[in-house]
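**Student:** Show me the folded form of this:
(2 chains)
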2 protein chains.
Amino acid sequence: MRFARFDLDGCQSYGLVEDDRVVPISNSPFERWQSAGPALPLERVRLLVPVIPPNFYAIGLNYAAHIRERAHRLGIAPELPTRPEPGYRSQNALVAHGEPIVLPADTTSVQSEGELVVVIGHRAKHVREADALKYVLGYTIGNDISERNWQKLDRTFWRCKNSDTFKPMGPWIETDVTLESLRTTVRVNGKSQIEFRTNDMLFGVARFIATITEYITLHPGDVIWMGTEGASPDLRTGDVVEVEISSIGTLRNMVVAGQLPCAGAPS
Amino acid sequence: MRFARFDLDGCQSYGLVEDDRVVPISNSPFERWQSAGPALPLERVRLLVPVIPPNFYAIGLNYAAHIRERAHRLGIAPELPTRPEPGYRSQNALVAHGEPIVLPADTTSVQSEGELVVVIGHRAKHVREADALKYVLGYTIGNDISERNWQKLDRTFWRCKNSDTFKPMGPWIETDVTLESLRTTVRVNGKSQIEFRTNDMLFGVARFIATITEYITLHPGDVIWMGTEGASPDLRTGDVVEVEISSIGTLRNMVVAGQLPCAGAPS
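**Tutor:** Numbers count the residues shown, from 1 in each chain, chains lettered A, B, ... in the order given. Predicted coordinates for the structure are as follows:
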C-alpha cells in the first residue's frame, strides 16, 4: 500500500494511492483507518510531507564510498564506523515532493543526498534485530540537502543540514518493500548522477532499529534517514533534483534562489 | 503568567498557575485562549512536560566555566566558540517535573545540566536581535542529563543526551521574566552543587534567536535550551535532582535504576 498525505482545497487528509488516483482514508495510517470518500485524481491534490516526525533520526555514515568521498573532501583519513550511530535532523527543514529547495544567498556548495527513509509504525523499545522490521510502517524517500562549506566550518549541522527547505521528503509512504531489491538513483535535470543498491548499507534498517531502541523509544511517525552513497555535483538555481528508489517512487524538487530577508515583528 | 500543562483524571489541558492553584484554559498559550472552568488545587493535577516541541534546539557551549571543565575532562584545550551554534535534542527523552530519570544499566557517569529553556511563541524568520524577545512566549527549566562516558565514546549525542527520560523539562512556562536577574541553582538531595547567574551566557537569548532565524524558521512551541555552567557530580540511583531558576520555579526529578529489557513484538 501507498499512503500519501495531501491537501485538497485547504483540507488535509491521508489517502491510499492507487495508480494515478488517491482514495482518502479516515484518520492516519498510524491508527485504525478506513476508506473515506471517492477516489480523486492525484493531479487534483497537492502532496504534503507524508509524515511530520516527532523524532527525526539520520545516519550520516552508512555507505562505504560516501565515507571515503567525505574523508577526501575534509582532508582526513576515511574510517568506517564500527557501530551504528544516529544523528538528528529537524522538522523545520521538511518540504514535500514538488516544493522548492530554497538556497540562502550565502551558500556556496550545496549537494544532494538521496536516502531511504524508514517510517516507524509502532512504539518500539528493546527490540531484537530479528523483530525490528515488524515496527516499520513503510518507507519513503529523503533528499538530505547539505551545504558543504558550512558543514566544514560549523561545529554542528544546524544550518548545513537543517536550513529551511533542506529536507525534501516524499512523495508517499510505501508499505510493500523488499529492501534487498531496491535501487536508489539521484538525477539532476534528468541526468543520472549517482546510482546504488539501496541496501548496500554498513548497518541495515533492522540493525539500526535494534541499536536505537536499546536506549530510546521509537514512536509511530518517527523517521530514520538511512544515509547515502557517493557524492552529488553542486546544485544550482533552476536545477531539478530527483531521488528515485525503485518500487517506492520519485521525489522531485526544484532548486530556487532565496529571497532577501523581509522580517517584521509579530503583531 | 505561568502556563502549566497537566493531566486530571486522564484529561490533558493547559492552565494558568496562580499560587497553589491552576485555572484551566481553553486551547493552549500558543493560540487564543480563555479561562475554562474553576481553579483546581495544584496537588490534584499531574504536571506534564509544558510543551512538546516541534523542533528542539540546545546550546552545548554557552558558559565559560563549563567549556573549561569539559575541555579538562576530554583532555583538550578549552576554546570559547566565536559564534552561536545550536545542536539538537529529541522529544523522546522528555519527562515532566516529578517523573523519574531512569538510568540504563550500563551507564557509568551521569550528570545534571541545569538550563534555561526558551519557549517560542510566534513564527520567526530573519529576526533582528533587537526584536527577538518579542517572539518568546516564556521560559521554563531543563535538566540536560548527560552520560559522560558515551559522550566521549560516541560520534553523536544520540544516547549520551537523548536516552529516554534524559530530558526533564518544566514545571511550567513563566512569561514574566527579567533575564538579567535570574539565578540558576542545581541541587542534589537538597545540597547546592552549582549556582550561577543564568544570563552569564557567551551568547544570549536574543542573539541566538537572531542567528538561528537567519536560516531556520522558529515555530510556536519550539524550545531552545540555553546551555549550562560548571559541572555536577555523578548522579546515583535514589538521588533527587532539582534545578531552580529564580522567578521561574524548581524542576525536581528522582534518579531510578532502569528495569531489565522486556520486549514484545507489536500485536
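
**Student:** Tell me the residues on the stretch 101-250 of chain A that lie near chain B, please.
**Tutor:** A:104, A:121-128, A:131, A:134-135, A:154-156, A:158-159, A:162-164, A:212, A:214-219, A:222 (C-beta under 8 Å from any C-beta of the partner chain). Bear in mind the C-beta positions are built from the backbone N, C-alpha and C, glycine included.

**Student:** State the phi and psi torsions of A:Ala39.
**Tutor:** Backbone torsions of A:Ala39, given as degrees, to the nearest 10, read phi -70, psi 140.

**Student:** low-confidence ranges in chain A?
**Tutor:** Scanning chain A for pLDDT under 70 picks out A:260-267.

**Student:** Number of residues surrounding the residue nearest to A:Gly204 when sequence neighbours are not counted?
**Tutor:** Among residues not flanking A:Gly204 along the chain, A:Leu179 sits closest, at 7.2 Å (C-beta to C-beta, 6 or more residues apart in numbering or on different chains). Neighbour count of A:Leu179, defined by other C-beta atoms under 10 Å in any protein chain shown: 17.

**Student:** cool, A:Val51 as well?
**Tutor:** Residues lying near A:Val51 (other C-beta under 10 Å) number 27.

**Student:** Tell me which residues touch it, please.
**Tutor:** Contact analysis of A:Val51 by C-beta atoms under 8 Å, 6 or more residues apart in numbering or on different chains lists A:Arg5, A:Phe30, A:Val119, A:Thr140, A:Ile173, A:Gly221, A:Val223.

**Student:** Let's see that with 10 Å instead.
**Tutor:** Neighbour list for A:Val51: A:3, A:5, A:14, A:28-30, A:91, A:94, A:117, A:119-120, A:137-138, A:140, A:169-170, A:173, A:220-223 [criterion: C-beta atoms under 10 Å, 6 or more residues apart in numbering or on different chains].

**Student:** swap in A:Trp158?
**Tutor:** Applying C-beta under 10 Å, 6+ apart to A:Trp158 gives the contacts A:Ser90, A:Trp150, B:Tyr57, B:Pro84, B:Glu85, B:Pro86, B:Gly87, B:Tyr88, B:Thr211, B:Ile212, B:Tyr215, B:Ile216.

**Student:** Which one of these is nearest to B:Asp9?
**Tutor:** Nearest to B:Asp9 among these: B:Tyr57, at 34.0 Å, using C-beta to C-beta.

**Student:** Please indicate which of the residues of the stretch 101-250 of chain A next to chain B are buried?
**Tutor:** Using 16 or more other C-beta atoms under 10 Å in any protein chain shown as the burial test, those include A:104, A:121-122, A:124-125, A:127, A:131, A:135, A:156, A:158-159, A:162-164, A:212, A:215-219, A:222 as buried.

**Student:** Which of the residues of the stretch 101-250 of chain A next to chain B fall in helices?
**Tutor:** The helices, defined by DSSP state H, take in A:Ile212 from these.

**Student:** out of the residues of the stretch 101-250 of chain A next to chain B, which are inside strands?
**Tutor:** Using DSSP state E to define strands, no part of those is located there.

**Student:** So which elements touch the helix ranked longest in chain A?
**Tutor:** In chain A, assigned by DSSP H, the helix with the most residues is helix A:64-74. Helices and strands touching helix A:64-74, by 3 or more C-beta pairs under 10 Å, 6 or more residues apart in numbering or on different chains; DSSP states H and E, are helix A:148-153, strand A:191-197.

**Student:** could you give the angle of that helix to strand A:191-197?
**Tutor:** On the basis of axes from the mean of the first three to the mean of the last three C-alpha atoms, to 10 degrees, helix A:64-74 is oriented at 120 degrees to strand A:191-197.

**Student:** give me every residue that touches the closest residue to A:Met1 other than its chain neighbours.
**Tutor:** Nearest residue to A:Met1, sequence neighbours excluded (C-beta to C-beta, 6+ apart): A:Thr175, at 4.7 Å. Each residue near A:Thr175 by C-beta under 10 Å, 6+ apart is listed here: A:Met1, A:Arg2, A:Phe3, A:Pro29, A:Val119, A:Gly121, A:Val136, A:Leu137, A:Gly138, A:Tyr139.

**Student:** Quick one: buried ones out of the residues you listed?
**Tutor:** For the contacts of A:Thr175, a burial check counting by 16+ other C-beta under 10 Å picks out A:Arg2, A:Phe3, A:Pro29, A:Val119, A:Gly121, A:Val136, A:Leu137, A:Gly138, A:Tyr139.

**Student:** Could you measure from the closest residue to A:Ser246 other than its chain neighbours over to B:Asp131?
**Tutor:** The shortest distance from A:Ser246 to any non-neighbouring residue, by C-beta to C-beta, 6+ apart, is to A:Arg183 (4.7 Å). Distance, A:Arg183 to B:Asp131, by C-beta to C-beta, to the nearest Å: 49 Å.

**Student:** returning to that earlier point: could the contacts of A:Trp158 be laid out in CSV, adding distance to A:Ala257?
**Tutor:** Shown next, in CSV, are those (distance: C-beta to C-beta, whole Å):
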residue, distance to A:Ala257
A:Ser90, 23
A:Trp150, 17
B:Tyr57, 26
B:Pro84, 26
B:Glu85, 25
B:Pro86, 25
B:Gly87, 28
B:Tyr88, 27
B:Thr211, 22
B:Ile212, 21
B:Tyr215, 15
B:Ile216, 18
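
**Student:** Show me which of those residues is closest to A:Ser192.
**Tutor:** For the contacts of A:Trp158, the nearest to A:Ser192 is A:Trp150 (27.0 Å; C-beta to C-beta).

**Student:** Look at the closest one and say how many residues are nearby.
**Tutor:** A:Trp150 has 22 neighbours, counted by other C-beta under 10 Å.

**Student:** and the nearest residue to A:Gly238 once chain neighbours are set aside, what element?
**Tutor:** Once flanking residues are discounted, A:Gly238 sits nearest to A:Val255: 6.6 Å by C-beta to C-beta, 6+ apart. Using DSSP states H and E, A:Val255 falls within strand A:249-257.

**Student:** just A:Val102 next, same as before
**Tutor:** Going by DSSP H and E, A:Val102 is in strand A:101-103.

**Student:** Quick check, central residue of chain A?
**Tutor:** In chain A, the residue lying closest to the centroid (C-alpha atoms, centre = their mean) is A:Gly142, at 2.1 Å.

**Student:** measure that one to chain B for me?
**Tutor:** From A:Gly142 across to chain B, the span is 16 Å (C-beta to the nearest C-beta, to the nearest Å).

**Student:** Which of the three states applies to that residue?
**Tutor:** At A:Gly142 the chain is in strand, as set by DSSP: H, G, I helix; E, B strand; the rest coil.

**Student:** List the residues that contact A:Asn143.
**Tutor:** Counting by C-beta under 10 Å, 6+ apart, A:Asn143 has contacts A:95, A:97, A:101, A:112-115, A:117, A:166-170, A:186, A:225, A:228, A:232, A:241-243, A:251-253.

**Student:** and with 7 Å instead?
**Tutor:** By C-beta atoms under 7 Å, 6 or more residues apart in numbering or on different chains, A:Asn143 lies in contact with A:Ser112, A:Glu113, A:Gly114, A:Pro168, A:Val241, A:Val243, A:Leu251, A:Asn253.

**Student:** care to break chain A down by domain?
**Tutor:** Domain assignment for chain A, taken from automatic domain parsing, gives A:1-48, A:49-257.

**Student:** can you tell which of these is closest to B:Arg236?
**Tutor:** Using C-beta to C-beta, those put domain A:49-257 closest to B:Arg236, at 19.1 Å.

**Student:** for the closest one, how far is the first residue from the last?
**Tutor:** Length of domain A:49-257, first residue to last, C-alpha to C-alpha, to the nearest Å: 21 Å.
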